[in-house]
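Trainee: Model the structure of this input:
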Amino acid sequence: MTEAESPPITVGRHRYVQLGITLLVLTAAGGMLAAHRSTLDSGTDRLAAADGEWLVLACLAAVGTWVCAAVAQQGAVVERLPRGRLVAAQFAAGAANHLLPAGAGAALVNLRFLTRCGLSTRRSATALAVKAAVGGIVRCALGVALLVTSPGTVRLSARVPHVLVLLPVAAGAVVLAVALRGRLARVVSRVLADVRDVHRCPARAGALWGGSVAFALLHAAVIVAVVHAIGLGLPASRVVMAYLVASGAAALLPTPGGLGSLDAALALALTAAGAPGPAAVSAVLGYRLLTGWLPLVPGLLVLALLARRSAL
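Mentor: Predicted coordinates for the structure are as follows:
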């Protein structure tokens, strides 16, 4: 076997491992759903009787996440991108993200969109890496800030160890440690060069960081609104922390759109924050409905339309 043949084999093995982990997580999630069928039924009934006004607010927050993703993506590049198509691409990327594991769907859609806008493949990839890195930093910073400012209201230690709060930080540290080894060191240096270029323009830097903060907060706002819609009296700070912890934990498991991993982690985090089991399941179902399932078919249609118009 020649050296030139080894990278494809390595990539192929990585894909098989990733697929195996995905199937394992989905199988475990299916087993948990079957074992807690009565809890799932109760949660579904509770969601059906939810407050419509709060659900409307949750819908508006969900729509805002795509706009914020577009703002952050614009901030990650120096060139000006077409606004309408940029927002449409984020909407389509969210749908594609539910078809491929570990955010690969969204990454592929955005990569194709950026190259169609005239950026090279390398610069498009580094722009996505910049956006992802800032998003991870933002989530970690929000979690730490919430712990510092609201130590009495964020009580996850009742049923979950304190170490779970630091899962997003741990995930970021693992990614950084891997990135600093071998071939990826060159990718990191390119990302840092693009970060410096972006931050030379205050407007771009503001869009990158502001869009990333708003994106995370609006996702948290969706779950907060759903929690209020089902009449669950949890403080917003606990719900936000539950979302940050759950999203950080789900990032460690490469399932399509966080299917299974995010659901289980978010239900566990809400339960640890004081929600009864059926209410936590109901909140997760509502969050998933608004951010994933309802936009899925329209998002795929937008994806097909963008591809037909050569925007992707």
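Trainee: Could you list the low-pLDDT ranges of the stretch 101-250 of the chain?
Mentor: Applying pLDDT under 70 to the stretch 101-250 of the chain picks out residues 101-103, 151-188, 190-191, 194.
Trainee: What are the buried residues along the helix or strand harbouring Leu86?
Mentor: Assigned by DSSP states H and E, Leu86 belongs to helix 83-96. Buried residues in helix 83-96, counting neighbours by 16 or more other Cβ atoms under 10 Å, are found at 85-96. C-beta coordinates here come from the backbone N, C-alpha and C atoms, glycine included.
Trainee: Of those residues, just say which sits nearest to Thr115.
Mentor: Ala89 (11.8 Å; Cβ to Cβ).
Trainee: So for that closest one, what's the nearest residue that isn't a sequence neighbour?
Mentor: Of all residues not flanking Ala89 in the chain, Phe113 sits nearest, at 4.4 Å (Cβ to Cβ, 6 or more residues apart in numbering).
Trainee: moving C-terminal of the helix or strand the one you found falls within, what's the next helix or strand?
Mentor: For Phe113, the element it lies in under DSSP H and E is helix 104-116. Next in sequence after helix 104-116, counting helices and strands by DSSP H and E, comes helix 121-149.
Trainee: In terms of secondary structure, what does that next one contact?
Mentor: helix 52-75, helix 104-116, helix 167-179, helix 184-199, helix 202-229, helix 236-250 (3 or more Cβ pairs under 8 Å, 6 or more residues apart in numbering; DSSP states H and E).
Trainee: Please identify the deepest-packed of those.
Mentor: helix 236-250 (a mean of 24; mean count of other Cβ atoms under 10 Å).
Trainee: Show me what it is packed against.
Mentor: When contacts are defined as 3+ Cβ pairs under 8 Å, 6+ apart, helix 236-250 sits against helix 121-149, helix 167-179, helix 202-229, helix 261-272.
Trainee: Those into a markdown table, with extra columns for distance to Gly105?
Mentor: Converted to a markdown table, those look like this (distance: least, Cβ to Cβ, whole Å):
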| stretch | distance to Gly105 |
| --- | --- |
| helix 121-149 | 12 |
| helix 167-179 | 19 |
| helix 202-229 | 17 |
| helix 261-272 | 15 |
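Trainee: list the contacts for the nearest residue to Leu266 once chain neighbours are set aside?
Mentor: Among residues not flanking Leu266 along the chain, Ala246 sits closest, at 3.9 Å (Cβ to Cβ, 6+ apart). By Cβ atoms under 8 Å, 6 or more residues apart in numbering, the residues touching Ala246 are 262, 265-266, 268-269.
Trainee: Let's see that with 7 Å instead.
Mentor: If a contact means Cβ atoms under 7 Å, 6 or more residues apart in numbering, then Ala246 has 262, 265-266, 269 as its contacts.
Trainee: quick one: which of those residues is most hemmed in?
Mentor: Ala269 (30 neighbours; other Cβ atoms under 10 Å).
Trainee: Touching, it and Ala242? I think so.
Mentor: Yes: if you go by Cβ atoms under 7 Å, Ala269 and Ala242 touch, sitting 3.6 Å apart.
Trainee: on that earlier part again, mind listing what the residue nearest to Ala89 touches?
Mentor: So Phe113 contacts 89, 311-312 (Cβ under 7 Å, 6+ apart).
Trainee: Same check on Val78?
Mentor: 197-198, 201, 204.
Trainee: Enumerate every residue touching the closest residue to Ala214 other than its chain neighbours.
Mentor: Once flanking residues are discounted, Ala214 sits nearest to Cys68: 4.2 Å by Cβ to Cβ, 6+ apart. Cys68 makes contacts with 211, 214-215, 218, as judged by Cβ under 7 Å, 6+ apart.
Trainee: if we go to 10 Å?
Mentor: 87, 90, 207, 210-219 (Cβ atoms under 10 Å, 6 or more residues apart in numbering).
Trainee: which stretch of helix or strand covers Gly274?
Mentor: Going by DSSP H and E, Gly274 is not part of any helix or strand.
Trainee: Just give the number of residues close to it.
Mentor: 19.
Trainee: for Thr271, same thing?
Mentor: As a burial measure, Thr271 scores 18 neighbours (other Cβ under 10 Å).
Trainee: Thought Gly277 was touching it, still the case?
Mentor: Yes: using Cβ atoms under 10 Å, Thr271 is in contact with Gly277, at 6.1 Å.
Trainee: ok, Leu234 - contacts?
Mentor: Leu234 makes contacts with 153, 224, 227-228, 242, 270, 273-275, 279-280, 283, as judged by Cβ under 10 Å, 6+ apart.
Trainee: Before I go, just wanted to say thanks for your time.
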